[in-house]
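1. Here is a sequence together with a model predicted from it:
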Amino acid sequence: MPTSMPCPSIRIPVELLTQSSFSQFGTVIENPAHSPLPPSQRGPAPDAVSANQGSAIKLLDVTHPSNLYSLAPSKKPAKAVMNMFICSPRELRPHEPSESMPSSWGDLDFDEDDYGNNDRALLDVSILERHPFTTQTFIPMGLSATERHTQYLVIVAPTLPAAASKRHTGRPPPYPTPDVKKRTTSIKDIFARARPSPFTNEAAPPPPQYSRLHPSARPKGPGLPDLKNLRAFVASGNQAVTYGAGTWHAPMVVIGQRPIDFVVSQFANGVGMEDCQEVELMAGRNAEEGVVVMVDSDSSGKVIVKAGVGSVMAKL
């Protein structure tokens, strides 16, 4: 049974999923030529080479799978696994006025009466999960980049420091801290790490594996999710997403008329608490509601971006 966490009444606007906006949480996998952003806002493109006798372009290292199970308490090795999730559209509740605080990522009038031709519905976020020692990549199948009637949301949150997690729940964090060996500090070891080493002709030993990873892929520690900085992104059919190891996220949320099939790639060792950790979000005492994502859509059902990059374009 997952641990529970009291949460504030807070409403989250939807942002456009881009690599720059998502970078602290993981990787967006997409063909840069199909990005909805203008070239000046896309960031550096992945390296590309010609392939298949010149009939294809190969984009290199579009995401970086990480296996950090060597840091897990059990030390049980993991294997690469690939599963499929058939995700049905979520039930949304009708919009109603609220005194919930706005998210840090949008300053919106929640009670505006005139949405023009747009509709607003609400998604209650009741649970978050993470995979502390592995990245997890979701690849949608059969979803067009121009699909207007079905899309999916990517909902993520940073990790609180362990001390802050204890303040939020009144008890220590429920999850183990990654077992990271401390470096010894003997005189010999100090000199051995010098460049050049006085004991050999070799350079200093390389840094630990996790320190060379992108920050989104490094182990996050035992902290609970930072709900006040939770973010919601809408993805198109030509985008896949990789959650960095230990990134708190909601189960995949499909919005629209039909299910979406996702191929999901990750590592796993079969130890429940090391493969997946969950937190149930409970509205605080006297709270009007818990964590809510505001889903605005046009007459066709297409989700409208209301915050961050792309919000201005969406309003035009």
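-> Happy to help now that I have it.
2. how about the residue lying closest to N238 once chain neighbours are set aside, what does it touch?
-> Among residues not flanking N238 along the chain, A145 sits closest, at 3.8 Å (C-beta to C-beta, 6 or more residues apart in numbering). C-beta: built from backbone N, CA, C; applies to glycine. Listed by C-beta atoms under 8 Å, 6 or more residues apart in numbering, the contact set of A145 reads H34, S236, G237, N238.
3. how close does the nearest residue to M141 once chain neighbours are set aside get to P2?
-> Closest residue to M141 apart from its sequence neighbours, by C-beta to C-beta, 6+ apart: D261 at 4.4 Å. For D261, the distance to P2 equals 26 Å [C-beta to C-beta, to the nearest Å].
4. do F262 as well
-> 22 Å.
5. So these two - more neighbours on which side?
-> More neighbours surround F262 than the other of F262 and P2, with 21 against 14 (other C-beta atoms under 10 Å).
6. Okay, now the sheet partners of the helix or strand harbouring the more buried one, with direction.
-> Using DSSP states H and E, F262 sits within strand 260-268. Strand 260-268 pairs in its sheet with strand 79-87 (antiparallel), strand 136-141 (antiparallel), by DSSP bridges.
7. Now do the buried residues in stretch 38-49.
-> Buried residues in stretch 38-49, defined by neighbour count with 16 or more other C-beta atoms under 10 Å: R42.
8. hmm, who's touching it?
-> Contacts for stretch 38-49 (C-beta under 8 Å, 6+ apart): T18, Q19, S20, P32, S35, I57, K58, L59, L60, D61, V62, V309.
9. returning to what we had before: could you dump the strands paired with strand 260-268 into JSON lines with mean neighbour count and distance to L71 added?
-> Converted to JSON lines, the strands paired with strand 260-268 look like this (neighbours: other C-beta atoms under 10 Å; distance: least, C-beta to C-beta, whole Å):
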{"stretch": "strand 79-87", "mean neighbour count": "12", "distance to L71": "16"}
{"stretch": "strand 136-141", "mean neighbour count": "20", "distance to L71": "16"}
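10. Could I get the ones you listed in TSV, plus columns for distance to V279 and mean pLDDT?
-> What follows is the strands paired with strand 260-268, written out as TSV (distance: least, C-beta to C-beta, whole Å; pLDDT from 0 to 100):
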stretch	distance to V279	mean pLDDT
strand 79-87	20	97
strand 136-141	16	97
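11. Out of those strands, flag the one nearest P94.
-> Across the strands paired with strand 260-268, P94 has its closest neighbour in strand 79-87 (22.4 Å, C-beta to C-beta).
12. So what are the sheet partners of the following helix or strand past that closest one and their directions?
-> Counting by DSSP H and E, the element after strand 79-87 in chain order, helix or strand, is strand 93-94. Partners of strand 93-94 in the sheet, by DSSP bridges, are strand 119-125 (antiparallel).
13. Could I get the CA-only coordinates of the partner strand as PDB?
-> Only the C-alpha atoms of strand 119-125 are listed here, as PDB (Å, rounded to 0.1, in the frame of the first residue of the first chain):
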ATOM      1  CA  ASP A 119     -14.100  24.300 -22.600                       C
ATOM      2  CA  ARG A 120     -12.300  23.700 -19.300                       C
ATOM      3  CA  ALA A 121     -12.400  20.400 -17.400                       C
ATOM      4  CA  LEU A 122     -10.500  19.200 -14.300                       C
ATOM      5  CA  LEU A 123      -8.200  16.300 -13.700                       C
ATOM      6  CA  ASP A 124      -7.700  15.300 -10.100                       C
ATOM      7  CA  VAL A 125      -4.100  14.000  -9.500                       C
END
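14. The helix or strand just after it packs against which elements?
-> Per DSSP H and E, the first helix or strand lying C-terminal to strand 119-125 is strand 127-130. When contacts are defined as 3 or more C-beta pairs under 8 Å, 6 or more residues apart in numbering; DSSP states H and E, strand 127-130 packs onto strand 248-249, strand 277-283.
15. Switch the ones you listed over to JSON lines; also include mean pLDDT and distance to D47.
-> Listed next are the helices and strands packed on strand 127-130 as JSON lines, based on pLDDT from 0 to 100; distance: least, C-beta to C-beta, whole Å:
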{"stretch": "strand 248-249", "mean pLDDT": "96", "distance to D47": "28"}
{"stretch": "strand 277-283", "mean pLDDT": "91", "distance to D47": "35"}
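16. closest one to P219 among the ones you listed?
-> Closest of those to P219 is strand 277-283, at 12.3 Å (criterion: C-beta to C-beta).
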